[in-house]
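Please work out how this folds:
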Amino acid sequence: MIRAVMVINTQGKPRLTKFYDDQPPEKQQELIRNIFGVLSSRAENVSNFIEAESFFGPDTRLVYKHFATLYFVFIFDRSENELAMLDLIQVFVETLDKCFRDVCELDIVFNYSKMHTILDEIVFGGQVLETSSAEVMKIIEEISKLETASNSISLVPKSVSGWRSR
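Numbering: from 1, shown residues only. Coordinates of the predicted model:
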């Protein structure tokens, strides 16, 4: 099971966090600080896999990828495959790149709800739902079409709106 997903910038500011087990906000902030401390002190040429038992308890692993100014982090238990989690980060980033045309930190900050929607299509409740970036994009495009259609629906009937203009 995936325990948490985080996107943290190189200054340690969390840009996206999703915890799949119940953690009080104070504990979440402490975990983010501790994980960033470990990630920022690691050399570029070391493994992207870290034992996370000191953060989340026994049998917990952490995998991350560093892209530009962002760390993409997945924390999971031993029931998940480490390489599959690394690949899932790649699927997440590829999907973001397709949605935002070379995703950057500002895209994440200003499209917060879309980021969560994309993540929820890939991982929901700590379980992997989809591993294909193309399939996730189809779903996101459908959601966008539905949002556009719902925004164009007028809640006021035309006969009433005509009456108001007189």
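
What is the burial count for Ala149?
By other C-beta atoms under 10 Å, 9 other residues sit near Ala149. Where you see a C-beta, it was placed from the backbone N, CA and C, and this is true even at glycine.

got it, and Glu147?
Glu147: 11 surrounding residues under other C-beta under 10 Å.

which stretch of helix or strand covers His66?
Secondary structure from DSSP states H and E places His66 in strand 60-67.

What lies in contact with the next helix or strand after that strand?
Reading on from strand 60-67 to the C-terminus, the next helix or strand found by DSSP H and E is strand 70-77. Strand 70-77 has contacts (C-beta atoms under 8 Å, 6 or more residues apart in numbering) with 1-10, 15, 35-36, 39, 52, 55-56, 59-66, 85, 88-89, 92-93, 105, 108.

pull the CA atoms of stretch 106-123 into CSV?
The C-alpha coordinates for stretch 106-123 follow below in CSV (Å, rounded to 0.1, in the frame of the first residue of the first chain):
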residue,chain,number,x,y,z
LEU,A,106,4.1,27.1,-10.9
ASP,A,107,1.8,24.7,-12.7
ILE,A,108,1.5,22.7,-9.5
VAL,A,109,0.9,25.8,-7.4
PHE,A,110,-1.8,27.3,-9.7
ASN,A,111,-3.5,24.0,-10.7
TYR,A,112,-3.8,22.4,-7.3
SER,A,113,-7.1,20.7,-7.8
LYS,A,114,-6.1,19.4,-11.2
MET,A,115,-3.0,17.9,-9.7
HIS,A,116,-5.0,16.1,-7.1
THR,A,117,-7.4,14.8,-9.8
ILE,A,118,-4.5,13.4,-11.8
LEU,A,119,-3.0,11.8,-8.7
ASP,A,120,-6.4,10.3,-7.8
GLU,A,121,-6.6,8.7,-11.2
ILE,A,122,-3.3,7.1,-10.7
VAL,A,123,-3.5,6.3,-6.9
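
Next one: the residue nearest to Cys104 when sequence neighbours are not counted from Thr10, what distance?
Spatially, and ignoring its direct neighbours in sequence, Cys104 is nearest to Ala68 (7.0 Å; C-beta to C-beta, 6 or more residues apart in numbering). Distance of Ala68 to Thr10, computed by C-beta to C-beta, to the nearest Å: 9 Å.

between these two, who's got more neighbours?
Taking other C-beta under 10 Å, Ala68 and Thr10 do not tie; Thr10 has more neighbours (14 against 10).

Contacts only, for the residue nearest the centre of the chain.
Centroid-nearest residue in the chain, with C-alpha atoms, centre = their mean: Leu119, separated by 4.4 Å. By C-beta under 8 Å, 6+ apart, the contact set of Leu119 is 5, 16, 18, 92.
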